[in-house]
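**Q** My questions concern the predicted model and sequence given below.
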Amino acid sequence: MNNDIEVSVVLPCLNEEETLGACIKKIKEIFSRGQIKGEIIVSDNGSHDHSMEIARSEGAVLTLEPRRGYGAAYLRGLKEAKGKYIIIGDSDNTYDFYDIPKFLGYLRGGYDFVMGSRFKGAIKKGAMSWSHRYLGNPILSGICRLFFRTKLSDIHCGMRGFTYAAYRKMRLRALGMEFATEMVVSALRNNFKVYEIPIDYYPRVGESKLIPFADAWRHIRFMLLYCPVWLYFIPGASGFVMGISILLLLLKGPFLFLGRYWDIHLMVFASVISILSYQILHLGVYAHTFAIRQGFLKYDAITLFFKRRFNLERGIALGSAIFLIGFSVMFLIFLEWLTRDFGSLYRIRESILAMTLIVIGLQTMFSSFFISLLFLESK
């Protein structure tokens, strides 16, 4: 950071010769009008038009990033930023850089991260397709609000501002379009002071770089990877409770539901669901712990609770208890079979439950060793 520069404006660029010059001129006008000591950084991502010449002629700092990707371009440009505050926005003239003072006002006022919201502002005619406006963006923003407990209305708005100190703490890594989501999630994970302001959104000039379904999946994938509660724990816990409940219910015999009787076939299915769901829960613990140790995630209340109360011996004890219950049931079935001189015996229900418990018990014991390994503290 350079104390002489207050604001760095970073623009990613890929063949934006029709609009880049206009964006830079607006930013320079804002700097001049507000007597702001600022710099403009254009991060070129492999343009083959006149974008680089325009950036140089307008006095912007030009950086080159050969790796393709929205995030890659931003990471390269942000690396050169020297201002106390950083404003980012696309160089296709869809965002109004005359809004920079709004962002600066809240950043100067103590906020760490300021998001623009196109949905709280005005989306001009032709600026956003119907599918993006009413399906894609609302759904993805809704998932983010659900997963990460935020009230932000437009997590994919490309115009946003943050302090240099906040950027250093975010430790951003994503190279593709999911970079936009990573930045929001990281700001929330770091408990930054966040504010959202309405901005206007204009039709872009030139060809769009978006690949709708692929980019949407990248955002969803990122949110799932960074929210193990929804990827692992909720599906795993739901499936496990449902599976065990059905197993215990069918242990007494078939039951009537939706006008028909459910019996052994459903019990086998419930056994499989119980085992798979239990494995998903264990995978969630592995993945979450590994991500924390690698610095991708931070300890949360659930993980801290588990860490404080888990140790290898308790895991082995729990697994052994579950295993012994299943083994005891199986052993009693064997004794009954023995007393009947190995004759015909109908203990399918009890056998399914016993085998399920044996598998879950063994999973618990061996998983405990691996979880203990993940929790080991290095000196």
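**A** Okay, I see it.
**Q** what's the first-to-last distance across stretch 58-74?
**A** 20 Å (CA to CA, to the nearest Å).
**Q** Over to stretch 94-106?
**A** 22 Å.
**Q** can you list the residues that contact that stretch?
**A** The contact list for stretch 94-106 (CB atoms under 8 Å, 6 or more residues apart in numbering) reads 7, 9, 23, 26-27, 29-30, 34, 36, 85, 87, 89, 114, 116, 127, 158-161, 195, 197, 199-204. All C-beta atoms are positioned from the backbone trio N, CA, C, and that covers glycine.
**Q** Stretch 324-335 too?
**A** Outside stretch 324-335, the residues that reach it (CB under 8 Å, 6+ apart) are 345, 347, 350-351, 353-361.
**Q** related to what we said a few turns ago, which among the contacts of stretch 94-106 count as buried?
**A** By neighbour count, with 16 or more other CB atoms under 10 Å, the contacts of stretch 94-106 hold 7, 9, 23, 26-27, 30, 36, 85, 87, 89, 114, 116, 127, 158-161, 195, 197, 199-202, 204 as buried.
**Q** So which of those residues are in helices?
**A** Judged by DSSP state H, these include Cys23, Lys26, Ile27, Ile30 as members of helices.
**Q** Any buried residues in stretch 351-363, and which?
**A** Result for stretch 351-363 [16+ other CB under 10 Å]: buried residues Ile352, Leu353, Ala354, Thr356, Leu357, Ile358, Val359, Ile360, Gly361, Gln363.
**Q** With stretch 168-176 instead?
**A** Those would be Met170, Ala174, Leu175, Gly176, for stretch 168-176 by 16+ other CB under 10 Å.
**Q** if you look at the residues you listed, which of them are in strands?
**A** In strands, defined here by DSSP state E, there are no members of these.
**Q** Would you point out the helix or strand in the protein whose mean pLDDT is lowest?
**A** helix 301-309 (a mean of 76; mean pLDDT, DSSP states H and E).
**Q** Let me know the next secondary structure element after it.
**A** helix 312-339 (DSSP states H and E).
**Q** can you map out the strands along the stretch 201-350 of the chain?
**A** 255-257, 260-262 (DSSP state E, counting those that start in this stretch).
**Q** and the first one, what other elements does it pack with?
**A** Right, the one you point to is strand 255-257. Applying 3 or more CB pairs under 8 Å, 6 or more residues apart in numbering; DSSP states H and E, one finds that strand 255-257 makes contact with strand 260-262.
**Q** any idea how the protein splits into domains?
**A** What automatic domain parsing lists as the domains of the chain is 7-225, 228-375.
**Q** which one of those has the most crowded surroundings?
**A** Of all the domains of the chain, domain 7-225 carries the top mean neighbour count, a mean of 19, counting by mean count of other CB atoms under 10 Å.
**Q** That domain: how far from the chain's middle?
**A** Domain 7-225 has its C-alpha centroid displaced from the chain centroid by 18 Å (CA atoms, centre = their mean, to the nearest Å).
**Q** In the stretch 151-300 of the chain, where is pLDDT below threshold?
**A** For the stretch 151-300 of the chain, applying pLDDT under 70 flags the ranges 206, 209-210, 295-296.
**Q** One more pass at 80, please.
**A** Per-residue confidence for the stretch 151-300 of the chain (pLDDT under 80) gives these ranges: 205-212, 215, 259, 291-300.
**Q** How about the stretch 1-150 of the chain?
**A** 1-3.
**Q** In it, what residue spans correspond to helices?
**A** With DSSP state H, counting those that start in this stretch as the criterion, the stretch 1-150 of the chain has helices at 20-33, 51-57, 70-79, 100-108, 130-131, 137-148.
**Q** Redo those helices as JSON lines? Include distance to Leu297.
**A** Converted to JSON lines, the helices of the stretch 1-150 of the chain look like this (distance: least, CB to CB, whole Å):
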{"stretch": "helix 20-33", "distance to Leu297": "35"}
{"stretch": "helix 51-57", "distance to Leu297": "37"}
{"stretch": "helix 70-79", "distance to Leu297": "19"}
{"stretch": "helix 100-108", "distance to Leu297": "27"}
{"stretch": "helix 130-131", "distance to Leu297": "32"}
{"stretch": "helix 137-148", "distance to Leu297": "12"}
